[in-house]
Structure formats: C-alpha cells, structure tokens
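Asks: Let me see the structure of the following:
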Amino acid sequence: MSARIVSINTSDKKGVRKKPVDQVVIKKNYGIEADAHASEKWHRQVSLLALESIKKMQEMGLKVGPGDFAENITTEGIDLPVLPIGTKMTIGNEAEVEVSQIGKVCHTRCAIYHQAGDCVMPKEGIFVKVLKGGVIKKGDEIKLS
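Replies: Got it, this is the predicted structure:
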C-alpha cells in the first residue's frame, strides 16, 4: 500500500482538536492557509500523525479519530517517527515538505493524556516545513523523495 492522506485537519486556535476539511492550500515557508499553527517564524509549519498511531489510542478504549490530536495531516502507510530530519516528501501533485522535527514536548497535559494516561502525538507525530506550496486533498498520495 502506498502512503496517503486519510484526513486534513485545521483549526483557528492552537491547543484544540482540529476539524476535517476536504482540501487546503499549503503555502511555501508558511503552512496550511487559515490554520492556527501556520507561521513563517518557525519550523513546525505542518504537523503529521499516522492513523496507525491513532489506532493505538483507540485500542486503549479512547473514542478518538483524525484531528483529535491537533495534527494537520493524518497519514496512512508511512512510519512517520522513523523518518530522519531532513527527509523530503511530495504530497499530492505539487506540495513538497521537509521533516523538521520528530515528536514534541507537551508542557501541559492535553485532554487525551488525562483520559488515557498517554498521548501519541509527542512521541509519534512529526512536523514539516513547506518547501513548495500547492493544493492538497484527502486521499492524495505521499511520496518520500
């Protein structure tokens, strides 16, 4: 199976669950247009989390799905946390991104952590910076380059 986008998720505020959308414009050196995490000022412009990671939380009994971990792109078929920093990916036909960070430190425990005693985003989520913009859609293929 090739890697693909299962869900694209955005929010207008940081620290909240994101809502799914069918497609977005991703902008060079910025991130997803109209998303709270987009910024030219840092390297965590877009966040990715694998559906496989979300399923781990579901197996712990949580009723969670894509966007609930505040990730922008939910993927399937790619082992995100093992990708080295600097790995480039093409998303859809146009967009190109580069892995800029693996995981993150959670300074405040989120609602997911309090419900389950754990959260996958800090360990298994990744962040990318946008090298080339374009339109990305749910179902688009993700290719490592």
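
Asks: close enough to count as contact, V64 and S53?
Replies: No - applying CB atoms under 8 Å, one finds V64 not in contact with S53, separated by 10.4 Å. (Glycine included, C-beta is placed from N, CA and C.)

Asks: so what's I91 up against?
Replies: Going by CB atoms under 8 Å, 6 or more residues apart in numbering, I91 touches I5, I26, I73, V97, G134, I136, D140, E141, I142.

Asks: One more pass at 7 Å, please.
Replies: I5, V97, I136, D140, I142 (CB atoms under 7 Å, 6 or more residues apart in numbering).

Asks: Could you check how far it is from V21?
Replies: 15 Å (CB to CB, to the nearest Å).

Asks: Poorly predicted segments of the chain, please.
Replies: 1, 15, 104-122 (pLDDT under 70).

Asks: what about 50?
Replies: For the chain, residues meeting the criterion pLDDT under 50 lie at 107, 112, 116.

Asks: can you map out the helices along it?
Replies: 51-59, 111-116, 121-124 (DSSP state H).

Asks: Geometric centre of the protein: which residue is closest?
Replies: In the chain, the residue lying closest to the centroid (CA atoms, centre = their mean) is L48, at 1.8 Å.

Asks: So it sits against I78, correct?
Replies: No - L48 is beyond contact range of I78, at 8.6 Å (criterion: CB atoms under 7 Å).

Asks: Could you check how far the residue lying farthest from the centre of the chain is from E40?
Replies: Relative to the centre of the chain, and counting by CA atoms, centre = their mean, the farthest-placed residue is G61 at 22.1 Å. To E40, G61 is 40 Å away according to CB to CB.

Asks: K129 now?
Replies: Distance from K129 to E40, by CB to CB: 10 Å.

Asks: These two: which has the busier surroundings?
Replies: Neighbours per residue (other CB atoms under 10 Å) separate K129 from E40, with K129 holding more: 19 against 12.

Asks: Contacts only, for the more buried one.
Replies: By CB under 7 Å, 6+ apart, the residues touching K129 are H43, Q45, V97, E98, S100.
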